[in-house]
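Peer 1: All I have is the shape, not the residue letters:
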Ligand code: DWN
């Protein structure tokens, strides 16, 4: 049974940065209700009414995974580790974005699957790329052409595909008998611990836990045999999955993490009700802090035009009365406006200057990288604001 626990209100598509805020483009802006629910049977947390992927993953997809040094390093290290542990002959990535993971393998070994055409165009010159949505039809096509794959990797993508049955059946179809599927996604445990409610937006249809993944994959003749905690995006899990019949032993760290999740109450609806109350308090505190700073005539901007910020801005109703603008290093976000709240986005070169008093960390998941980069800003008295794990000013 699915039970609702969090209502984040009317939300736009998190990646629908607007080129203009003319009457016509505002009229066409798509909104939906972002409600999060918990399945009491398999412990899966999900968006109640997922948006149609065809309007999310277009040829204008904004996010570039290689935009941060932290993620470039993380993908390089993941590739090295997986190569050493599984020695795959063929590697396929579902949701390859700009190729930041696959570029660490020899060209001939890799197959990229990426439905956003603008991203697929970036990788197709370097390696075999399928510019399609992941499904059984595509899996059949690829396995006919390249035979079975012994390492399937998918970072921040399986959680984005509403039809889990289709995803896992398509995976089972192409995975070699001894093959391994490795999935990385933000962990539910971390989201609850650090109150990062902004991990909920249209693309994050699911926020997985080891508990829910182990229950789900069983339905598709697969089994979860290992899991690793990784620091990506405020705390993620890397799941290792294989065919049910494989003799791969369940690792002790998987048992340990499952026990920790049970202790945290990730199999209990009451945990999520409590979380929803904390989310409401976080909103009140953030709005109160920004209001106080505005009264003192402080100039506040937002740092990183993240998809996560779309949830925060629209849930807390933060518009350009609070934030002068948002800065972001991604070229195709600059000059645009944030979804729903229509705050202008500037390059850091233009916007992150002497006039800024406070910068809200939209990209809080890269806090360490940003603090290192912005030492001069901090030295001259500039301050950051975050809501993770609680609303506060970072000095
Ligand atoms: O799952 C997803 C995650 C992995 O990436 C996707 N559904 C979409 C996207 O979500 P996001 O936008 O919340 O991701 P990031 O990686 O937190 O985005 C960081 C943004 O901040 C980028 O646009 C780059 C920007 N940035 C910046 O302007 N200055 C980042 C750093 C480190 C910086 O110094």
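Peer 2: Okay, I see it. These numbers come from a predicted model, not from an experiment.
Peer 1: Strands of the stretch 1-150 of the chain, start to end?
Peer 2: Assigned strands in the stretch 1-150 of the chain, in chain order: 2-12, 31-39, 45-47, 91-94, 110-113, 128-130, 149-155 (criterion: DSSP state E, counting those that start in this stretch).
Peer 1: which neighbours does the fifth one have in its sheet, and in what orientation?
Peer 2: Which is strand 110-113. According to DSSP bridges, strand 110-113 forms sheet pairs with strand 91-94 (parallel), strand 128-130 (parallel).
Peer 1: can you give me the offset of that strand from its chain's centre?
Peer 2: In terms of C-alpha atoms, centre = their mean, to the nearest Å, the gap separating the centre of strand 110-113 from the centre of its chain is 20 Å.
Peer 1: now swap in the first one and tell me
Peer 2: Its chain's C-alpha centre and that of strand 2-12 lie 18 Å apart, by C-alpha atoms, centre = their mean.
Peer 1: about what we covered before: any chance of a markdown table for the strands paired with strand 110-113, columns mean neighbour count and mean pLDDT?
Peer 2: Where you see a C-beta, it was placed from the backbone N, CA and C, and this is true even at glycine. Compiled in a markdown table, the strands paired with strand 110-113 are given as follows (neighbours: other C-beta atoms under 10 Å; pLDDT from 0 to 100):
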| stretch | mean neighbour count | mean pLDDT |
| --- | --- | --- |
| strand 91-94 | 27 | 98 |
| strand 128-130 | 20 | 98 |
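Peer 1: Would you check that residue 325 makes contact with residue 348?
Peer 2: No - at 10.9 Å, residue 325 does not count as touching residue 348 under the criterion of C-beta atoms under 8 Å.
Peer 1: With neighbour numbers in mind, choose between these two.
Peer 2: residue 325 (21 against 16; other C-beta atoms under 10 Å).
Peer 1: which residues does that one contact?
Peer 2: Applying C-beta atoms under 8 Å, 6 or more residues apart in numbering, one finds that residue 325 lies in contact with 301, 302, 343, 344, 345, 346, 351.
Peer 1: same deal with residue 124?
Peer 2: Under the criterion of C-beta under 8 Å, 6+ apart, the contact partners of residue 124 comprise 112, 131.
Peer 1: One more: the one 3 residues further on?
Peer 2: The neighbours of residue 127, taking C-beta under 8 Å, 6+ apart as the test, are 99, 102, 107, 110, 111, 112.
Peer 1: Could you do residue 302 as well?
Peer 2: Residue 302 is in contact with 309, 323, 325, 326, 327, 343, 359, 360, 362, counting by C-beta under 8 Å, 6+ apart.
Peer 1: So which bits of the protein are right by the ligand?
Peer 2: 63, 67-68, 156, 203, 233, 304-308, 328-330, 363, 365-366, 369-370, 373 (C-beta under 6 Å from any ligand atom).
Peer 1: out of those, which are buried?
Peer 2: Neighbour counting by 16 or more other C-beta atoms under 10 Å classes 63, 67-68, 156, 203, 233, 304-308, 328-330, 363, 365-366, 370 among the residues of the chain next to the ligand as buried.
Peer 1: picking up where we left off before, with distance to residue 147 as added columns, please give the strands paired with strand 110-113 in a markdown table.
Peer 2: What follows is those, written out as a markdown table (distance: least, C-beta to C-beta, whole Å):
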| stretch | distance to residue 147 |
| --- | --- |
| strand 91-94 | 11 |
| strand 128-130 | 13 |
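Peer 1: Spatially, and excluding backbone neighbours, which residue is closest to residue 105.
Peer 2: Once its chain neighbours are removed from consideration, residue 105 has its nearest residue in residue 91; the separation is 5.4 Å (C-beta to C-beta, 6 or more residues apart in numbering).
Peer 1: list the contacts for that neighbour?
Peer 2: Taking C-beta under 8 Å, 6+ apart as the contact definition, residue 91 lies against 102, 105, 109, 110, 111, 149, 151, 152, 153.
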